[in-house]
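Engineer: Mind folding the following:
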Amino acid sequence: MRFHLRLIPLFVLFSSIAISQTTKAGPIITDFGKVYEVKNPDYRVQKDITFKAVIDVTGKADSHNSRNALIETAARFLNMHAQSGIPKNQLNVALVVHGGASKDVMSNAAYQKKYKKDNPNLELVKSLLEINVPVIICGQSAAHNKITKEDLIPGVQISLSAMTALVQLQNEGYQLIKF
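Structural biologist: Next comes the predicted model:
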């Protein structure tokens, strides 16, 4: 019985640590991209460099009711680094959307017409576009899925292909993030 009593303080300590870990959005994208604070990481963030990331968005959400987590990765990337002290002018992120994710950058009207539901990614994509995050859809995927320029959220750009956009962005110094 004494052995179990000694474990209670440890259990309470670890439980309170786990409970106190919460996520927070902002400061760049305030409604999306919640991240955890990581205090004193061993592998330190270099605060004197410019971060340029291109996120390869090919996966689709589980349903037409949930956001595409890969699109939200852009908001997480920006918020996590800003929360860690990297100035906004040193943070650049771009999205290259193709395959099953192509539907996620459709305007709400086009999405409703095709899927009879609101686009759950609409506000997230608009938030990214408002801060000049390039959102680029593969022209091949768009054509395959019968998505026209008029079907897209205003500001989404069409590329010849995802491959083209990924190569060009990497030539501009963006580093590929693929999950």
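
Engineer: so how far is G26 from F32?
Structural biologist: F32 is 10 Å from G26, where distance means Cβ to Cβ, to the nearest Å. All C-beta spots, glycine's among them, are computed from the backbone N, C-alpha and C.

Engineer: So these two - more neighbours on which side?
Structural biologist: When F32 and G26 are compared for neighbours, F32 comes out ahead with 21 against 16, by other Cβ atoms under 10 Å.

Engineer: thought the more buried one was touching S127?
Structural biologist: Yes: if you go by Cβ atoms under 8 Å, F32 and S127 touch, sitting 6.1 Å apart.

Engineer: which neighbours do the two share?
Structural biologist: A75 (Cβ atoms under 8 Å, 6 or more residues apart in numbering).

Engineer: Please identify the helix or strand for the residue most central in space within the chain.
Structural biologist: Central residue of the chain (Cα atoms, centre = their mean): T73, 2.1 Å from the mean position. Element membership for T73 (DSSP states H and E) is helix 69-83.

Engineer: where does this structure dip in pLDDT?
Structural biologist: Applying pLDDT under 70 to the chain picks out residues 1-20.

Engineer: Strands of that one, start to end?
Structural biologist: Using DSSP state E, the strands of the chain run over residues 23-24, 35-36, 51-57, 91-97, 135-138, 157-159, 175-177.

Engineer: Tell me which of those strands sits nearest to N145.
Structural biologist: strand 135-138 (9.6 Å; Cβ to Cβ).

Engineer: Okay, buried residues for the helix holding T73 please.
Structural biologist: Across helix 69-83, burial judged by 16 or more other Cβ atoms under 10 Å covers 70-83.

Engineer: Also stretch 106-120?
Structural biologist: Counting neighbours by 16+ other Cβ under 10 Å, the buried set in stretch 106-120 is M106, S107, N108, A110, Y111, K114, N119, P120.
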